[in-house]
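**Student:** Here is my input, please return the structure:
(one chain, ligands or ions: 1)
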Amino acid sequence: KKPEINGDFYDLSDLLTPEEREVQLKVRKFMNDEVKPIANEFWNKGEFPMHLIPKMAELNICGVPLAGHGCPNHSYVLEGIIAMEMARVDTSISTFFGVQSGLAMGSIYHCGSEEQQAKWLPRMQKMEILGAFGLTEPLVGSAVAGGLTTKARREGETWILNGEKKWIGNATFADFTIIWAQDEEDDQIKGFIVEKNNPGFHAEKMKNKMSLRTVQNALITLNNCEVSEENRLQRADSFKDTSRVLRATRAGVAWQAVGCARGAYENALAYTMERKQFGKPIASFQLIQDQLVQMLNALTSMQTLVMRLSQLQDAGKMTDAQASLAKVSCTTHTREIVDIARGIMGGNGILLEYNVARFVADAEALYSYEGTKEINSLIVGREITGISAFV
Ligand code: FAD
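**Tutor:** Numbers count the residues shown, from 1 in each chain. This is a model prediction of the structure:
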């Protein structure tokens, strides 16, 4: 009898509450039934499967750890499990979801006034409204904390935004994008809810990506784009507030990396048991088994790390450095795991239909977004030495 293919080797699912486990299985079913059959096709076309959004909304998982305004008020552990289950089948879908549920909803939740939360969060939770998060710029990536070239000038009750944003996920179709801009008056970074039909706002789809091709990233231009004071995030006064949003979502990226690695490991393991060479399944060769165990070893450390990370988050104790270390560790291990997975599949490892190649490509974006490996390392370095080494 063939053993079950299961990358959760230490049964971490057993630590979940019955309610969390139920949501995990619901998301798993959705990903297997609805996403898996079309994932390669949409990745190859570089298009987003818009038809899935109403079905995803039915899962009632948007803004899962947030409380109030129709949000489920579940645990951060569950939020991580959802990210992992999505990425395990399609890392693009988990990225789309992370932008909506983590970055966009998180910005309004952490930095919006009570009125702004009441206006936007309930419909975002139901996915009737989609949001995007615009921080990175063509000329300012890692250095966003040091100042942005996108400027905001106040004229009475109106703000005038000018500048450019790059890489902004979901922004080609989102109903609004949170634009982070530097106030010309006090030089502080502020957040603005910029609606898609706002004159002066233009989002152009970025082409030629070799990673997360299903995610629609945009190059945004803001040309004297007028935003009312009502749409300025009322509790975003400096980059420290932007960082509060990023701290939570960085933990989510670590979980996504676990999902990406787990998908590649499980698909490669299944392949080694089917594929025969020299008259035997390649899984029977010692060198192949060693590589399978190498993947499982790294995957298991990653899983235990993110589980503990989210427990700390649920206890309100997670630090920036803990989130950053998990992001560094998981995205680095994921690159190693997908590399081994691809190698043990021989030539078929680079064909999309064998369901490992997509993970190899998608691991690259995880490694760089929401703070590159180096930037997250510097956050940890600052914490353990007390010395900031960014510049
Ligand atoms: P750069 O900052 O130019 O870095 C280049 C290299 O220099 C990196 O290796 C970096 O680590 C290194 N480096 C920079 N500074 C230092 C230093 N002080 N010490 C050591 N090394 C350093 N942004 C958004 O705002 N919203 C989104 O929705 C979004 N989605 C994205 C989706 C994808 C697929 C990708 C690839 C990116 C996305 N981003 C998004 C942008 C992402 O956050 C940035 O790519 C990332 O912050 C790095 O910036 P950069 O690409 O400009 O690299």
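
**Student:** Can you report phi and psi for the residue nearest to N231 when sequence neighbours are not counted?
**Tutor:** Leaving aside its sequence neighbours, N231 sits nearest to I193 (C-beta to C-beta, 6 or more residues apart in numbering; 4.3 Å). All C-beta spots, glycine's among them, are computed from the backbone N, C-alpha and C. The phi/psi pair for I193 (degrees, to the nearest 10) reads phi -90, psi 110.

**Student:** Could you verify my assumption that I193 touches Q116?
**Tutor:** Yes. Using C-beta atoms under 8 Å as the test, I193 is close enough to Q116 to be in contact (7.4 Å).

**Student:** For those two, work out which one has more neighbours and name it.
**Tutor:** In this view I193 and Q116 are compared by other C-beta atoms under 10 Å, and I193 has more residues nearby, 24 against 20.

**Student:** Look up the residues forming beta bridges with that one.
**Tutor:** Beta-bridge pairing of I193 under DSSP bridges involves I178.

**Student:** residues contacting it?
**Tutor:** Neighbour list for I193: I108, Q116, W120, F176, I178, V227, N231, R232, L233 [criterion: C-beta atoms under 8 Å, 6 or more residues apart in numbering].

**Student:** ok, now how distant is it from F133?
**Tutor:** For I193, the distance to F133 equals 11 Å [C-beta to C-beta, to the nearest Å].

**Student:** what sits in contact with each of the two?
**Tutor:** Counting by C-beta under 8 Å, 6+ apart, the shared contacts of I193 and F133 are I178.

**Student:** all strands for the stretch 1-150 of the chain, in order.
**Tutor:** 67-68, 71-72, 131-134 (DSSP state E, counting those that start in this stretch).

**Student:** Partner strands of the last one, with direction?
**Tutor:** Strand pairing for strand 131-134, using DSSP bridges, gives strand 176-183 (parallel).

**Student:** and the partner strand, how far from the chain's centre?
**Tutor:** Put simply, strand 176-183 sits 19 Å off its chain's centre (C-alpha atoms, centre = their mean, to the nearest Å).

**Student:** Q294 against A341, yeah?
**Tutor:** No. The criterion here is C-beta under 8 Å, and Q294 misses it with A341 at 10.4 Å.

**Student:** Those two: which has the busier surroundings?
**Tutor:** A341 (29 against 14).
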